[in-house]
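Based on what follows, work out the 3D shape:
(chains A, B, C, D, E and F)
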Protein chains: 6
Amino acid sequence: MTDTWLPSLITSTPQEGFELAITLSRRGVKYTQPDVEVLKKLRPDYANSAEGLTWASQVIAINFQTVAAANNYWRT
Amino acid sequence: MTDTWLPSLITSTPQEGFELAITLSRRGVKYTQPDVEVLKKLRPDYANSAEGLTWASQVIAINFQTVAAANNYWRT
Amino acid sequence: MTDTWLPSLITSTPQEGFELAITLSRRGVKYTQPDVEVLKKLRPDYANSAEGLTWASQVIAINFQTVAAANNYWRT
Amino acid sequence: MTDTWLPSLITSTPQEGFELAITLSRRGVKYTQPDVEVLKKLRPDYANSAEGLTWASQVIAINFQTVAAANNYWRT
Amino acid sequence: MTDTWLPSLITSTPQEGFELAITLSRRGVKYTQPDVEVLKKLRPDYANSAEGLTWASQVIAINFQTVAAANNYWRT
Amino acid sequence: MTDTWLPSLITSTPQEGFELAITLSRRGVKYTQPDVEVLKKLRPDYANSAEGLTWASQVIAINFQTVAAANNYWRT
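The predicted model follows:
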């Protein structure tokens, strides 16, 4: 991908960090399947499945570990 | 989401930290599927399934790693 | 939950730490499905399944990482 | 369990550490299903399944992370 | 494999680090199945499956943890 | 196993470290199922399956985290 979508792992707050973890999780999907039309078609498969949502939450949790460590856990 | 739900990863006790890990796990689901009605319908699919509960517990465990590290494991 | 079940992550020995990791794994399940009767019914589904037992062991392994780090790996 | 099976996470060599990781993985199963007869019956289900073996290897990998960190990666 | 494909884990930016994590994830597949023709045939199986894409994103997330730590999270 | 297959986690390059992670992943399988004939028979089950290859890549990624940390990420 030629656009810059990840200039930094640093965020102001834990919540923004969590949202960055979601972005990372989605980018992992998009790099694997760049066709937006296919992604749209697949969305109901996981967004309406208990398993699919749990797995999505797991990928976010793994990426949040990285973002939280990068930000020293936003300790003040 | 516009509301502030994660101001900090710091908690007073390990148990509160575990409960925050549960909140993080549920937020990961909710960001992926914001429709509360759909989430309610899916609940029996995992809450009454041995597999679904194990996977839910796994996501909580991953998020608890993050929260525990943030709190220096509540060492006194 | 109102009872205190996790006052500390510190244990005397690695083995007690492993048993605490099991407690954490079970609590992750119990927070998601608090109905003890449902949990009892589901037990045979994973305790008699090779897959279910491997996944249970995985959740314990993830929680044991947290407990072991909290205890500085019980290095003497 | 009343016997002492995990007195320490420290091992002399990385290979002994890997074998300890296997022990931890099996103990995670055994705490969940203590009945040895049931475990024997389930063994073919994963030991003869590509998926089952990959998952078993994954639990070992997670536990090996813990044991390796405890031993400072056996750096000399 | 005799070619050099991983001279370093260091990258200039987080985004390049994420792309290196994708490379690592693909290499993990390729070492297991070196036959490029087989890989091409399997591609639709995961690139058109919600589950497959989530799992691919998870492997990337795990490798990104490693790359991000190697780069001290690109803190400036 | 009586042979020495893991004298050290230290490697000269990241790429050798990645290959050691593959060795660790395979050993995890082999300790669980030591019968080489069974392993040969199972190989097509995962090497020709998109899911199986993704999971294999995931175990490698987890082991690579360990090897990379042991080598201080080959920072120079």
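
is it true that residue A:15 touches residue B:4?
Yes: here residue A:15 lies in contact with residue B:4, judged by CB atoms under 8 Å, at a distance of 6.4 Å. For glycine as for every other residue, the C-beta is placed from the backbone atoms N, C-alpha and C.

Can you give me every residue that contacts the residue of chain A found nearest chain B?
Using CB to the nearest CB, residue A:57 is the residue of chain A that sits closest to chain B, at 3.2 Å. Residue A:57 is in contact with B:25-26, B:28-29, B:32, B:59, counting by CB atoms under 8 Å, 6 or more residues apart in numbering or on different chains.

On the three-state scheme, the residue of chain A most remote from its centre is what?
Distance from the centre of chain A peaks at residue A:76, with 24.9 Å (CA atoms, centre = their mean). Under the three-state scheme (DSSP: H, G, I helix; E, B strand; the rest coil), residue A:76 adopts coil.

returning to what we had before: now the contacts of residue A:57 as TSV including pLDDT, secondary structure and distance to residue C:19?
Listed next are the contacts of residue A:57 as TSV, based on pLDDT from 0 to 100; DSSP: H, G, I helix; E, B strand; the rest coil; distance: CB to CB, whole Å:
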residue	pLDDT	secondary structure	distance to residue C:19
B:25	98	helix	23
B:26	97	helix	27
B:28	97	helix	28
B:29	97	helix	29
B:32	95	helix	34
B:59	98	helix	22
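
which of the residues you listed has the most neighbours?
Each of those was scored by neighbours using other CB atoms under 10 Å in any protein chain shown; the highest score is residue B:59's, at 29 neighbours.

What is the neighbour count of residue A:38?
So residue A:38, with other CB under 10 Å, has 13 neighbours.

surely it meets residue E:48?
Yes: using CB under 8 Å, residue A:38 is in contact with residue E:48, at 6.2 Å.

What's the per-residue pLDDT of the residue farthest from the centre of chain A here?
With respect to pLDDT, residue A:76 has a value of 79.

again, but for residue A:30
96.

Now it: closest residue in space that isn't a chain neighbour?
residue A:39 (7.0 Å; CB to CB, 6 or more residues apart in numbering or on different chains).

Find the residues that touch each one of residue A:15 and residue B:4.
Joint contacts of residue A:15 and residue B:4 (CB under 8 Å, 6+ apart) do not exist.

The two: which has the busier surroundings?
Per other CB under 10 Å, whichever of residue A:15 and residue B:4 has more neighbours is residue A:15, with 18 against 9.

Next up, the contacts around that one.
Counting by CB under 8 Å, 6+ apart, residue A:15 has contacts B:4-7.

The contacts of residue A:57: which ones sit near chain A?
By CB under 8 Å from any CB of the partner chain, the members of the contacts of residue A:57 lying near chain A are B:25-26, B:28-29, B:32, B:59.

if we take these, which one ends up nearest to chain A?
residue B:28 (3.2 Å).

Give me the spatial nearest neighbour of that closest one, chain neighbours excluded.
residue A:57 (3.2 Å).

Check residue A:69 too.
residue E:73 (6.6 Å).

And residue A:46, by the same measure?
Nearest non-adjacent residue to residue A:46 (CB to CB, 6+ apart): residue A:52, at 2.8 Å.

circling back: pick out whichever of the ones next to chain A among the contacts of residue A:57 sits closest to chain D.
Among the ones next to chain A among the contacts of residue A:57, and counting by CB to the nearest CB, the member closest to chain D is residue B:59, at 14.7 Å.

dump the residue contacts of that closest one.
When contacts are counted by CB under 8 Å, 6+ apart, residue B:59 touches A:54, A:57-58, A:61, B:25, B:28.

Quick check: which ranges of chain A have low pLDDT?
A:1 (pLDDT under 70).

let's go with 90 and repeat that
A:1-2, A:44-46, A:76 (pLDDT under 90).

That one against chain B: which residues are in contact?
Going by CB under 8 Å from any CB, the residues of chain A near chain B are A:13-15, A:18-19, A:22, A:46-51, A:53-58, A:60-62, A:64-65, A:68-69, A:73-75.

helix or strand for the residue of chain A found nearest chain C, which one?
Closest contact between chain A and chain C, by CB to the nearest CB, is at residue A:54 (10.0 Å). Applying DSSP states H and E as the criterion places residue A:54 in helix A:50-70.

CA-only coordinates of that helix in PDB, if you can.
Only the C-alpha atoms of helix A:50-70 are listed here, as PDB (Å, rounded to 0.1, in the frame of the first residue of the first chain):
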ATOM      1  CA  ALA A  50     -20.700 -15.200  17.900                       C
ATOM      2  CA  GLU A  51     -17.500 -17.100  17.000                       C
ATOM      3  CA  GLY A  52     -16.500 -14.500  14.400                       C
ATOM      4  CA  LEU A  53     -16.900 -11.600  16.800                       C
ATOM      5  CA  THR A  54     -14.900 -13.400  19.500                       C
ATOM      6  CA  TRP A  55     -12.100 -14.000  17.100                       C
ATOM      7  CA  ALA A  56     -12.200 -10.400  15.900                       C
ATOM      8  CA  SER A  57     -12.000  -9.300  19.600                       C
ATOM      9  CA  GLN A  58      -9.000 -11.500  20.100                       C
ATOM     10  CA  VAL A  59      -7.000 -10.000  17.200                       C
ATOM     11  CA  ILE A  60      -7.800  -6.500  18.600                       C
ATOM     12  CA  ALA A  61      -6.600  -7.700  22.100                       C
ATOM     13  CA  ILE A  62      -3.300  -8.900  20.600                       C
ATOM     14  CA  ASN A  63      -2.800  -5.600  18.700                       C
ATOM     15  CA  PHE A  64      -3.800  -3.600  21.800                       C
ATOM     16  CA  GLN A  65      -0.900  -5.300  23.700                       C
ATOM     17  CA  THR A  66       1.500  -3.800  21.200                       C
ATOM     18  CA  VAL A  67       0.000  -0.400  21.200                       C
ATOM     19  CA  ALA A  68      -0.300  -0.300  25.000                       C
ATOM     20  CA  ALA A  69       3.400  -1.300  25.400                       C
ATOM     21  CA  ALA A  70       4.400   1.300  22.900                       C
END
